[in-house]
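A.B. asks: Here's my sequence, what's the structure:
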Amino acid sequence: MIHRLNSYDFEPAESPADDPHDELGQYHVAVVIPAYNEERHIARVIASVPAFVRHIIVVEDCGQDQTAQVVERIAADDPRVFLVRHDRNQGVGGAMVSGFRLAVKLKAQIVVKMDGDGQMSADYLAELIDPLVRGQADLAKGNRFHDFPALARMPFVRRLGNVALSFLTKMAVGYWTCFDPCNGYVAIRGEVLRRLPLDKLHRSYFFETSLLAQLYLLGAVVADVPMPAIYGDEVSHLSVSRVLVEFPPKLAACLARRLLLKNLLYDFSMLSIFALAAILFLTTGVLYGGTNWILFAMAGQAAPTGTVVIPAMLITLGVQFLLSAVSEDLRAVPGKPLTKPLPAAMTERANTPLISEPRS
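C.D. replies: Numbering: from 1, shown residues only. Okay, the predicted model is just below:
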């Protein structure tokens, strides 16, 4: 359910005369904040959003605290704020899909995701949307691995897990040059968001990965924006055991889907040939060699030289084709943005109409 809590016009507050980002107010920027039990942090997060942001969409994901009431009080004084309330918990992905849909209706040119726990500093918001305004990328992501001092302050277990998960995610989605694909601080161009199949985005913490997977199929360009990670007194709702159980099979399925759609159905290139050859040689070599090893071991006999050499050659060829496929995949990372630079003063600061939707 979407609450429009007042009938003010939606002119953002005037920026200070010396604000270096004042010119960003000419663009229609919307911030989506998924919030689940963020009563302690949500007011501070909303207050930190710069004045150049046209709309702030808070999606209260059926929590048990007073997050919605806090947002309602803020919205009474800040006409930029929308409150979307879920009847049932849908996860961070479900909250973002609801926020994305509203941002599309509001015709936002740039849509930013900021978490409600304060880990994503609004101080870096201008830097995050800069490559989108310039037409250098279709989606921008924060990169926590660029600042080594800040990275050293990250808990060791979390840092190690992020490095391993980031590598597996890059392999699954195809964005090999994205250093921090698991970072949830993202900004996306509105026209690209309108092309995304929002119903196919994952509703849980796999949301960011599924978003990248869909963008890769569109050929969107992703830019990294260096920024440090922030850790305060917030409590993470992400379970490590849940990640270890859920993410590996989902990443494998994501990789298989990407290879099937991008390299077999949408296109057929040398990458496709190398990948198919690798699968054929590796599968044949392992099955042939393994079967013969078991049979000769059960018979108590030494395997003939040819029975050993043939599967070894097949596996070696399979590995070579696999490395060639990976090399081609590295070169296939999208490099030409789908969008163009946003013209200056393109949007008019017209009043946004009242939006009212029934509870779904």
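
A.B. asks: Go ahead and list the helix or strand containing residue 188.
C.D. replies: strand 186-189 (DSSP states H and E).

A.B. asks: Let me fix that, I meant to ask about residue 224.
C.D. replies: Taking DSSP H and E as the criterion, residue 224 maps to strand 222-226.

A.B. asks: strands paired with that strand, and their directions?
C.D. replies: Sheet pairing of strand 222-226 (DSSP bridges) gives strand 139-143 (parallel).

A.B. asks: Any idea how far the partner strand is from the middle of the chain?
C.D. replies: Strand 139-143 has its C-alpha centroid displaced from the chain centroid by 9 Å (Cα atoms, centre = their mean, to the nearest Å).

A.B. asks: Need the CA coordinates for it. CSV is fine.
C.D. replies: Extracted as CSV, the C-alpha positions of strand 139-143 are listed here (Å, rounded to 0.1, in the frame of the first residue of the first chain):
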residue,chain,number,x,y,z
LEU,A,139,24.2,1.3,-13.2
ALA,A,140,26.7,2.4,-10.6
LYS,A,141,27.7,0.4,-7.6
GLY,A,142,29.7,1.2,-4.5
ASN,A,143,33.1,-0.4,-4.2
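
A.B. asks: now the helices: where do they sit in the stretch 101-250 of the chain?
C.D. replies: For the stretch 101-250 of the chain, applying DSSP state H, counting those that start in this stretch gives helices covering 125-133, 148-153, 156-173, 190-195, 207-218, 240-260.

A.B. asks: Residue 47 is nearest to which of those helices?
C.D. replies: Counting by Cβ to Cβ, residue 47 lies closest to helix 125-133 out of the helices of the stretch 101-250 of the chain; the figure is 13.3 Å. C-beta here means a position set from N, CA and C on the backbone, and glycine is covered the same way.

A.B. asks: Spit out the contact partners of the nearest residue to residue 110 once chain neighbours are set aside.
C.D. replies: Nearest non-adjacent residue to residue 110, counting by Cβ to Cβ, 6 or more residues apart in numbering: residue 29, 4.8 Å away. Contact analysis of residue 29 by Cβ atoms under 8 Å, 6 or more residues apart in numbering lists 52, 53, 54, 55, 108, 109, 110, 111, 112, 129.

A.B. asks: which one of these is nearest residue 118?
C.D. replies: Using Cβ to Cβ, residue 112 comes nearest to residue 118 of these, at 15.0 Å.

A.B. asks: Which residues lie in contact with the closest one in this structure?
C.D. replies: 29, 30, 31, 32, 53, 125, 128, 129, 186, 187, 188.

A.B. asks: Make TSV from those and add pLDDT to it.
C.D. replies: Written out in TSV, the entries for the contacts of residue 112 read as follows (pLDDT from 0 to 100):
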residue	pLDDT
29	97
30	97
31	97
32	98
53	96
125	95
128	95
129	96
186	96
187	97
188	98
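
A.B. asks: okay if I get these as JSON lines plus distance to residue 158?
C.D. replies: As requested, the contacts of residue 112 are exported to JSON lines (distance: Cβ to Cβ, whole Å):
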{"residue": "29", "distance to residue 158": "30"}
{"residue": "30", "distance to residue 158": "30"}
{"residue": "31", "distance to residue 158": "25"}
{"residue": "32", "distance to residue 158": "24"}
{"residue": "53", "distance to residue 158": "29"}
{"residue": "125", "distance to residue 158": "24"}
{"residue": "128", "distance to residue 158": "22"}
{"residue": "129", "distance to residue 158": "27"}
{"residue": "186", "distance to residue 158": "19"}
{"residue": "187", "distance to residue 158": "24"}
{"residue": "188", "distance to residue 158": "26"}
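
A.B. asks: Cool, thanks, talk later.
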